[in-house]
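1. Next comes the sequence, and after it the predicted model I'd like to discuss.
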Amino acid sequence: MMRMLLLGGTGDALKIARQLGPAHVYSLAGLGKVPDDLKCAVRVGGFGGGEGLARYLAAERIGVVIDATHPYAAQISANAVAACRVAKVPCWALRRPAWQPQAGDDWRMAGDWNELIAALAPFRRPLFTLGREPLAHLDEIPPHQFWTVRMLDSHPDTARSRVLAARGPFTLDGERALFALQAFDVVVSKNSGGGATEAKLEVARERGLPVIMLRRPVLPGVDREFATVADLLDALPGQAAADPAN
Ligand code: NAP
């Protein structure tokens with residue numbers, strides 16, 4: 001039986017992990033919630049770079065790595081490919097298709113934080129939805145701006161910023177109410193893809209708001225790539241999924 005290492009930290013990865021038996025391992029960086037109701041083994045924390053991961057694959061006799069990390073978690077994805085090459089095991093990946101702009105969208109692409117801040121200059125009330133990075137820049141908020149930062153963890157308000165601690169999925173009605181209440185004039189986002197956090201884009205379109213979109217990092221090629229959880233689960237060896245004996 002081929003032992004699997006599933007690299008997670010996303011809702012999609014958790015869906016896959018729920019289908020794995022005890023022979024397999026679900027790995028988390030340790031930033032978010034650690035599930036305690038899975039049949040598979042769960043490990044938490046880094047491996048020590050690509051070399052550490054390669055050593056882990058050999059020591060644990062892993063037969064395939066499944067990278068289901070977030071599309072912006074580029075380091076672990078690169079490490080996975082490098083480690084699999086060293087350990088001579090296949091690397092599979094769940095790569096969620098990026099969101100595509102639709103009629104009525106006004107997306108402004110940014111390659112990094114500096115480009116993002118430059119694109120933000122004309123606006124007054126941005127909603128940031130790209131994780132904790134804005135926290136490192138709260139001292140740099142220009143006097144004409146008030147930032148709302150939505151992320152997993154809470155953080156004290158400042159005179160010109162507020163953190164909304166929240167975990168997706170977010171509903172269309174919920175996003176409509178939030179946007180109306182807070183009068184955002186721009187949204188700052190990663191292009192995460194998937195349905196869980198897409199409603200903000202629909203509300204931005206409805207309200208005619210621009211979206212400053214941080215470009216996706218380029219990820220290395222893998223042996224097999226899947227666009228959906230269902231496609232990936234279909235491809236798993238029969239004995240991996242759902243069978244409590246595995
Ligand atoms: P990253 O920059 O690609 O990885 C940083 C380091 O964290 C890796 O080198 C690795 O440490 C460790 N790591 C990451 N994912 C791991 C996993 N599943 N199991 C064990 N170690 C892991 O990642 P990141 O952007 O900080 O994201 C960290 C985690 O949060 C990922 O699991 C990702 O799926 C999740 N996440 C990220 C985002 C995002 O926007 N970046 C959004 C939602 C969820 P070692 O080098 O020591 O092995």
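-> Nice, thanks for sending it over.

2. Contact residues of the chain facing the ligand?
-> For the chain, the residues in contact with the ligand (CB under 6 Å from any ligand atom) are 7-10, 27-29, 31, 46-49, 52-53, 69-70, 72-76, 79, 131, 190. In this view, the C-beta of every residue, glycine as well, is placed from N, C-alpha and C.

3. Narrow those to those in strands?
-> Among the residues of the chain next to the ligand, the subset assigned to strands under DSSP state E consists of 7, 27-28, 190.

4. Helix or strand: which one has Met109?
-> strand 107-110 (DSSP states H and E).

5. List the buried residues of that strand.
-> By 16 or more other CB atoms under 10 Å, the buried positions in strand 107-110 come out as 107, 110.

6. still on that earlier bit, please pick the buried ones from the residues of the chain next to the ligand.
-> 7-10, 27-29, 47, 53, 69-70, 72-73, 76, 79, 131, 190.

7. Heading C-terminal from the strand holding Met109, find the next helix or strand.
-> With secondary structure assigned by DSSP H and E, strand 107-110 is succeeded by helix 113-120.

8. Mind giving me the packing neighbours of that next one?
-> strand 107-110, strand 186-190, strand 211-214 (3 or more CB pairs under 8 Å, 6 or more residues apart in numbering; DSSP states H and E).

9. what angle separates that helix from strand 186-190?
-> Helix 113-120 runs at 160 degrees relative to strand 186-190, counting by axes from the mean of the first three to the mean of the last three CA atoms, to 10 degrees.

10. Quick one: distance of the helix or strand just after helix 113-120 to the chain centre.
-> With elements assigned by DSSP H and E, the helix or strand that comes after helix 113-120 is strand 126-129. When distances are taken as CA atoms, centre = their mean, to the nearest Å, strand 126-129 is centred 16 Å away from the chain's centroid.

11. How about stretch 118-133?
-> With CA atoms, centre = their mean, you get 18 Å for stretch 118-133.

12. In it, which of the residues would be classed as buried?
-> Here stretch 118-133 shows 119-120, 123, 126-131 as buried, counting by 16+ other CB under 10 Å.

13. Please put the alpha-carbon coordinates of it into PDB.
-> The C-alpha coordinates for stretch 118-133 follow below in PDB (Å, rounded to 0.1, in the frame of the first residue of the first chain):
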ATOM      1  CA  ALA A 118       1.000  52.400  -5.100                       C
ATOM      2  CA  ALA A 119      -2.300  51.100  -6.600                       C
ATOM      3  CA  LEU A 120      -4.000  51.800  -3.300                       C
ATOM      4  CA  ALA A 121      -3.000  55.500  -3.200                       C
ATOM      5  CA  PRO A 122      -6.200  57.000  -4.600                       C
ATOM      6  CA  PHE A 123      -8.500  55.200  -2.200                       C
ATOM      7  CA  ARG A 124      -9.700  55.900   1.400                       C
ATOM      8  CA  ARG A 125     -11.300  52.800   2.800                       C
ATOM      9  CA  PRO A 126      -9.700  49.600   1.600                       C
ATOM     10  CA  LEU A 127     -10.700  46.100   2.700                       C
ATOM     11  CA  PHE A 128      -7.600  43.900   2.900                       C
ATOM     12  CA  THR A 129      -8.300  40.100   2.500                       C
ATOM     13  CA  LEU A 130      -4.800  38.700   2.000                       C
ATOM     14  CA  GLY A 131      -3.900  37.500   5.400                       C
ATOM     15  CA  ARG A 132      -1.700  39.100   8.100                       C
ATOM     16  CA  GLU A 133       0.800  41.000   5.900                       C
END
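
14. who's in contact with Gly11?
-> By CB atoms under 8 Å, 6 or more residues apart in numbering, the contact set of Gly11 is 168-169, 194, 196.

15. Show me which of the residues you listed is closest to Lys88.
-> Lys88 lies nearest to Gly194 out of the contacts of Gly11, by CB to CB, at 31.7 Å.
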